[in-house]
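>>> Predicted structure and sequence below. I'll ask about it afterward.
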Amino acid sequence: MYNPQLNAQGQLQHLLSIEGLPKRILTDILDTAENFVGVAEREVKKVPLLRGKTVCNIFFENSTRTRTTFEIAAKRLSADVLNLNVSTSSQSKGETILDTVNNLIAMHADMFVVRHQQSGAAHFIAQHVPPHISVINAGDGRHAHPTQGLLDVFTIRKYKPEMHNLRVAIVGDVLHSRVARSEIHALTTLGVPEIRVIAPRTLLPTDVEKLGVQVFHNMEQGLKDVDVVMMLRLQNERMSGALLPSSQEFFQTFGLTPERLALAKPDAIVMHPGPMNRGVEIDSAVADGKQSVILPQVTYGIAVRMAVMAILGGGNAA
Amino acid sequence: MDVHSAPPLMTLPDPEQLLEHLYAQIKPRIQENTALVGIYTGGVWLMERLLKRLQTELGHDILFGKLDAAMYRDDYAQRGLKTSAHPAYIPFDINGKHIILIDDIFYTGRTTRAVMNELFDYGRPASVQLAALINRGGAQLPIRPDMVGADLPLQAHQSFELAMNTLGRLSLSISESASSAKPGVDDHV
């Protein structure tokens, strides 16, 4: 089957979504990321792999954190980094996506990191760039956010190396969450046997069971004996219509409190992709508690993004 | 690479004896501030063997580390990143230390260059020396081992393979690549 992310040799050419990537590729990325974790602790926090390359962060949708972590990752690989906030720039003047991209290609960019509010935007760009350029999807609409999914499974593997023996719960706004989709595909591909989603019916996609997950509408049942609790952000900016009565009511029913966390295994870890809505999906006592690995996720996110860029950026020369 | 076993063109030495020879050269160079740094994979095996014996005979702990240098190689643009790379392990402050790098086969010198570049990103060592079990000839850079177990010239299409069995015993063989070998893109460069 044709996979736009792989080249003719079956190597990663673009990272657009986790769906459709073989386990071998995911494992390669995670193993490579292990090598980059220590780079930040050295006197010189840089390796020379992307020296002389230009990485372009094209953000059609704002995201300070994701852009910053991609920027740090590229700089730790010695790349030059260009940040384009297109939402406030050319597009408001009427330029098309391809015109923006073609201009950057004319400036000899080597890699594009793309975030867009429309699903499929990164795929579209990947189909139009010459073969020596790689595209990384940094979030497209409700579709995918593959580096977030990868950093989440990397974090899980760090704390719970026996992936084939885990029970993982994903909690909250699955409907609007590209993070949840990427997480589910990554966990499934890596052989996690039990993935639960816990959410009100209004915040679940209709065909969610087809992704191979068990559905719960009740925190008390869904959290029982899980090893990992992955919280999702309540995406107020994507809500339309009356999906939820109020964020206070959401916290009453689906907020992660210390009492609810106590139903999970005693050594369960708590994750959140950020930015957190404290008191909406997660209680501060949990977010700052000893089971929280939310800040390590950020640190590991840089190593994982370095790994993706390093794998994409090499082996292109004749 | 398409590799098949070939009849040995020379009587291969026992790597255990070469290690003995290397040990005799390294031992007098150990000072208080010396650290042994093995280069993956074979160099790490050798480093661990040498370290154990040196600590026993000298009666004190010796600093040690392990490097892969996959992130510093000069063939990244051609070959991409090695997926089987190992994380660097340098658990001590490099500044002011006398580093002895340990590799199994010395060939082009490119691995040594990459490892030295990585080492200097940790700090400024007082000195760096290179110990190799075998120098097979073919250096492409002004880098040579300071200590060797043996000089054994080899043709470009051949390479030495060092192996270690489950009991920790080393063995040596020669493999031949069917395609025309490109020096500098081989694993033992």
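Structure received. Numbering: from 1, shown residues only, chains lettered A, B, ... in the order given.

>>> Please enumerate residues in contact with the helix or strand hosting B:L130?
Secondary structure from DSSP states H and E places B:L130 in strand B:127-135. Strand B:127-135 is contacted from outside by B:15, B:18-19, B:22, B:25-26, B:29, B:42, B:46, B:98-106, B:112, B:116, B:119, B:143-152, B:160, B:162, B:172, using C-beta atoms under 8 Å, 6 or more residues apart in numbering or on different chains. Quick note: C-beta positions are derived from backbone N, CA and C, even for glycine.

>>> Check these for burial and list the buried ones.
B:15, B:18-19, B:22, B:26, B:42, B:46, B:98-106, B:112, B:116, B:119, B:145, B:147-149, B:152, B:160, B:162, B:172 (16 or more other C-beta atoms under 10 Å in any protein chain shown).

>>> A:A303 and A:T155 touch, don't they?
No: if you go by C-beta atoms under 8 Å, A:A303 and A:T155 don't touch, sitting 10.3 Å apart.

>>> where in the stretch 101-250 of chain A is pLDDT low?
Regions of the stretch 101-250 of chain A meeting the criterion pLDDT under 70 cover residues A:237-242.

>>> which residues in it form helices?
For the stretch 101-250 of chain A, the helices defined by DSSP state H, counting those that start in this stretch cover A:121-126, A:146-159, A:178-189, A:219-222, A:247-254.

>>> Could you pull out the buried residues of the second one?
With burial defined by 16+ other C-beta under 10 Å, the residues of helix A:146-159 counted as buried are A:146-158.

>>> What of the fourth one?
Within helix A:219-222, the residues scored as buried using 16+ other C-beta under 10 Å are A:M219, A:G222.

>>> Relative to chain B, which residue of the stretch 201-318 of chain A is the closest?
A:G315 (2.8 Å; C-beta to the nearest C-beta).

>>> residues in contact with the residue in chain B positioned nearest to chain A?
At 2.8 Å from chain A, B:G80 is the closest residue in chain B, using C-beta to the nearest C-beta. Contact partners of B:G80, counting by C-beta under 8 Å, 6+ apart, are A:Q11, A:I311, A:G314, A:G315.

>>> so what pLDDT did it get?
You'll see B:G80 listed with a pLDDT of 89.

>>> Same check on the one 5 residues further on?
At B:A85, the predicted lDDT confidence score is 86.

>>> Not counting sequence-adjacent ones, nearest residue to it?
Spatial nearest neighbour of B:A85, excluding adjacent residues (C-beta to C-beta, 6 or more residues apart in numbering or on different chains): B:A70 at 3.6 Å.

>>> on that earlier part again, just the ones of the buried ones among the contacts of strand B:127-135 in helices?
Among the buried ones among the contacts of strand B:127-135, the members found in helices (DSSP state H) are B:P15, B:L18, B:L19, B:L22, B:I26, B:G42, B:L46, B:T112, B:M116, B:L119.

>>> give me the number of residues near B:L141?
Neighbour count for B:L141, taken as other C-beta atoms under 10 Å in any protein chain shown: 12.

>>> So it versus B:Q158, what's the distance?
In this view, B:L141 and B:Q158 are 21 Å apart by C-beta to C-beta, to the nearest Å.

>>> same deal with A:D288?
For A:D288, the distance to B:Q158 - C-beta to C-beta - is 60 Å.

>>> Neighbour count: the two, which is higher?
Higher neighbour count among A:D288 and B:Q158: B:Q158, with 15 against 12, using other C-beta under 10 Å.

>>> For B:G65, grab phi and psi.
phi -150, psi 180 (degrees, to the nearest 10).

>>> wait, what's in contact with the residue nearest the centre of chain B?
The centre of chain B sits closest to B:D103, judged by C-alpha atoms, centre = their mean, with a distance of 0.9 Å. B:D103 makes contacts with B:I39, B:G42, B:G43, B:T111, B:T112, B:L130, B:A131, B:A132, B:L133, B:P145, as judged by C-beta under 8 Å, 6+ apart.
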